[in-house]
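**Q** Curious how this folds, go ahead:
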Amino acid sequence: EAARVLRALRSLGITRTVMMTGDSERTAAAIAKQVGVDRFFAEVLPEDKANFVQQAKAEGHTVVMIGDGINDAPALRSADVGVAMGKGGTDVARNAADLILTDDNFSTIEKAIREGRGIYENIRKTILFLLSSNFGEIITMLAAVLAGFPATLKASHILWVNLITDSLPALALGMDGNDGEELMKQPPRKSTDTMFSHGGLSCTLCFGVVIGVISILAFMAVPYEELLQRQLPVNLSSMKKILEIEWILNKAQTHAFTVLGMSQLVHAVGMRDVNRSVFRMKHFENLYMLAALGIGLLLQVLVTEVPYLITLFETNRLTLGEWGRLQILSLTPLAVHELLCLFTAAGQKQVRAEEVH
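**A** Residues are numbered from 1 along each chain as shown. From the prediction side, this is the model:
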């Protein structure tokens, strides 16, 4: 299966394959031709293999070394990823390697790459979701304090939001199935790449700002509407003054609290794939996310409708009209997600058109 696997690896962006063997040049040439190896070295010593790996790393390549014998151990240890055979390999090779192929099947490497990319993608989007959500909470609190307004959220509100968003939705993202074929089309990551590479930082900042802004808008809308109803002048000073009334402040905090929680829940749905429209996602392939969304929304409703929880969290009961407005506002992260997907798709079409031209 080596020839087929080598072709598959090339399609994954692993473009250079080198065979190093202690066998004669004639034998090495015959095998290299049969399996389609790019380059081969024959009659090499163990130190030659290790030196070649170190030289390739010095040139900026990410190196995977596959071996099974004692003479492969130095190179296995020097490589970025050392892979040893589990059945036919020696104990020395297995101890020096990072990964062990328990079935001694070369094609397992392709499966390992697919699985590895899926695991990394799930870890990445879970971390970006948590960071962007927490960044939104920071903006919500910090903006009000800097502007001289009362706190937009109580401590209990922040703890509750973290309970319903940092738990089940984050776990659901970590268990997401991903689009394996799409992941396999992407080029290998560089060793210098971080979670914030390839748009990760801009994604975190963008959605953090969006969540923070809509939460602040929900908070500010309450004193604004109250001033209009009382036919009082609408300005920052009068808003601060009217927020000194306890029930109005509680109502404003309830609105901000509700939007903050619900917006993070819907944001988790979009984070399943930041490059794909939510209308094209296969939502029933991740029932954990649907369950997390349903449970989170139910808990958020209970905290503003159950008398005991209303007293405990100092919230206000919301009318149906208020629920409708707050739900629409909470969908803003998904609206931003859709816009970004449109821009990304348009950019990719332009790049393909330029390549064809």
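**Q** tell me the SS of the residue most central in space within the chain?
**A** The residue lying closest to the centre of the chain (C-alpha atoms, centre = their mean) is Lys125, at 0.9 Å. What DSSP: H, G, I helix; E, B strand; the rest coil gives for Lys125 is helix.
**Q** Tell me how far it lies from Leu171.
**A** Distance of Lys125 to Leu171, computed by C-beta to C-beta, to the nearest Å: 12 Å. C-beta: built from backbone N, CA, C; applies to glycine.
**Q** can you give me the strands for the chain?
**A** Ranges of strands within the chain are 18-20, 39-41, 64-67, 81-85, 99-101, based on DSSP state E.
**Q** Take those strands and lay them out in JSON lines including mean pLDDT, distance to Ala32 and mean neighbour count.
**A** As requested, those are arranged in JSON lines below (pLDDT from 0 to 100; distance: least, C-beta to C-beta, whole Å; neighbours: other C-beta atoms under 10 Å):
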{"stretch": "strand 18-20", "mean pLDDT": "91", "distance to Ala32": "6", "mean neighbour count": "19"}
{"stretch": "strand 39-41", "mean pLDDT": "90", "distance to Ala32": "4", "mean neighbour count": "15"}
{"stretch": "strand 64-67", "mean pLDDT": "92", "distance to Ala32": "15", "mean neighbour count": "23"}
{"stretch": "strand 81-85", "mean pLDDT": "93", "distance to Ala32": "19", "mean neighbour count": "23"}
{"stretch": "strand 99-101", "mean pLDDT": "91", "distance to Ala32": "21", "mean neighbour count": "19"}
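**Q** Which one, of the ones you listed, ends up nearest to Thr311?
**A** For these, proximity to Thr311 was assessed by C-beta to C-beta; strand 99-101 is nearest, at 55.8 Å.
**Q** Relative to the closest one, what are the paired strands and their orientations?
**A** strand 81-85 (parallel) (DSSP bridges).
**Q** ok, and what's touching the strand it pairs with?
**A** Residues from elsewhere that reach strand 81-85 (C-beta atoms under 8 Å, 6 or more residues apart in numbering): 62-68, 72, 75-76, 93-94, 96-101, 104, 109.
**Q** ok, and what's touching the least confident helix or strand in the chain by mean pLDDT?
**A** None of the helices or strands of the chain scores lower by mean pLDDT, DSSP states H and E than helix 180-185, at a mean of 74. Outside helix 180-185, the residues within contact range by C-beta under 8 Å, 6+ apart are 11-12, 113-114, 117-118, 121.
**Q** again, only this time at 7 Å
**A** Residues outside helix 180-185 that contact it (C-beta atoms under 7 Å, 6 or more residues apart in numbering): 12, 114, 117-118, 121.
**Q** Take the strands of the chain and lay them out in CSV including distance to Gly212.
**A** Output for the strands of the chain, formatted as CSV (distance: least, C-beta to C-beta, whole Å):
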stretch, distance to Gly212
strand 18-20, 51
strand 39-41, 53
strand 64-67, 43
strand 81-85, 40
strand 99-101, 42
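**Q** Leu249 is nearest to which of those?
**A** strand 81-85 (56.6 Å).
**Q** Can you list the low-confidence ranges for the stretch 251-357 of the chain?
**A** Along the stretch 251-357 of the chain, the parts satisfying pLDDT under 70 run over 346-357.
**Q** those helices in the stretch 101-250 of the chain, which residues are they?
**A** 108-146, 155-165, 168-174, 180-185, 200-229, 236-242, 246-270 (DSSP state H, counting those that start in this stretch).
**Q** mean pLDDT for those: which is lowest?
**A** If you rank the helices of the stretch 101-250 of the chain by mean pLDDT, helix 180-185 sits at the bottom with a mean of 74.
**Q** buried set for that one?
**A** Neighbour counts over helix 180-185 (16 or more other C-beta atoms under 10 Å) mark 183-184 as buried.
**Q** Could you pull up the residues touching the nearest residue to Met289 once chain neighbours are set aside?
**A** The shortest distance from Met289 to any non-neighbouring residue, by C-beta to C-beta, 6 or more residues apart in numbering, is to Ala172 (4.0 Å). Contacts here follow C-beta under 7 Å, 6+ apart; on that basis Ala172 touches 286, 288-289, 292.
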